[in-house]
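Visitor: take a look and give me a structure for this.
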Amino acid sequence: VTVVVGRRGTSTVLQCGGHGGDQLVGVIWKIHHNNNSSCLSSYAALYKGGPETHTNCSTRITLTNTSLTIQDTQISDGGNYTCEISDPKGTFIYTTILQVLVQPSVSLDVGSSGLPECKAIGGFPAAEISWIPHPGDINTTKIKESDDTWTVISTDRVLGVSVTCFVSHPTFSNPWNSTIQVEREIGKCM
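Guide: Coordinates of the predicted model:
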């Protein structure tokens, strides 16, 4: 099993093992998306005298020789992609798991309650938020948006000290962080 990471809005190419070339008889991609939808895309090198391609997948998914290309990759494209490739040596099966990532937009500010509020908006998967120092009185809410991304809002119920918000997400090479200080009187930044 191979894991491929794609980013929403970009093209993602999935390879079917190391086979193909002049000896290719055919290839079938069986696609099972995480949202329980599925489709097939196939190529036969010699079908009724010439090559033939069939698909019931989205028009964004194209099969070229043994490679599957997904244009404008979306969260809904995530899932298991199994290819069966045939050549004179036999039939070989390869499975690829496609994980689609969406980078969140991150901010730290004083929220409407007057407390430090850290937000990670529109990410997939949901971001993880932590605070330093961590006094224990933190309220974190995760909201699934209509486009299947996640918004995470975390409020630290602390006043009069400097706090740092850390946001971790697979699209970040290092956690995002920012520091804010709120006066003891709610709603006033220092």
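Visitor: for the least confident helix or strand in the chain by mean pLDDT, name the packing helices and strands.
Guide: Every helix and strand of the chain was ranked by mean pLDDT, DSSP states H and E. The lowest is strand 50-55, at a mean of 84. Counting contacts by 3 or more Cβ pairs under 8 Å, 6 or more residues apart in numbering; DSSP states H and E, strand 50-55 packs against strand 38-47, strand 61-64. (Each C-beta comes from the backbone N, C-alpha and C, glycine too.)
Visitor: after the longest strand anywhere in the chain, next one along is what?
Guide: Identified as the longest strand of the chain according to DSSP state E is strand 90-101. Going down the chain from strand 90-101, the next helix or strand is strand 105-110, by DSSP states H and E.
Visitor: buried residues, the least confident helix or strand of the chain. List them.
Guide: T55 (16 or more other Cβ atoms under 10 Å).
Visitor: which strands border it, and is each parallel or antiparallel?
Guide: Here strand 50-55 has these sheet partners by DSSP bridges: strand 38-47 (antiparallel).
Visitor: buried sites along the partner strand?
Guide: Across strand 38-47, burial judged by 16+ other Cβ under 10 Å covers S41, S42, Y43, A44, A45.
Visitor: please apply the same query to stretch 86-94.
Guide: S86, D87, Y94.
Visitor: let me know the closest of these to E183.
Guide: Among the buried residues of stretch 86-94, Y94 lies closest to E183 (Cβ to Cβ), at 59.3 Å.
Visitor: so, low pLDDT: which residues of this structure?
Guide: 18-22, 47, 135-136, 184-190 (pLDDT under 70).
Visitor: and it, what are its domain boundaries?
Guide: Per the record, the chain has its domains at 2-101, 105-181, by automatic domain parsing.
Visitor: so how far is Y81 from the closest residue to S38 other than its chain neighbours?
Guide: Computed as Cβ to Cβ, 6 or more residues apart in numbering, the closest residue to S38 that is not its neighbour in sequence is H32, at 4.8 Å. H32 sits at a distance of 8 Å from Y81 (criterion: Cβ to Cβ, to the nearest Å).
Visitor: so for those two, which sits in the more crowded spot?
Guide: Y81 (24 against 13; other Cβ atoms under 10 Å).
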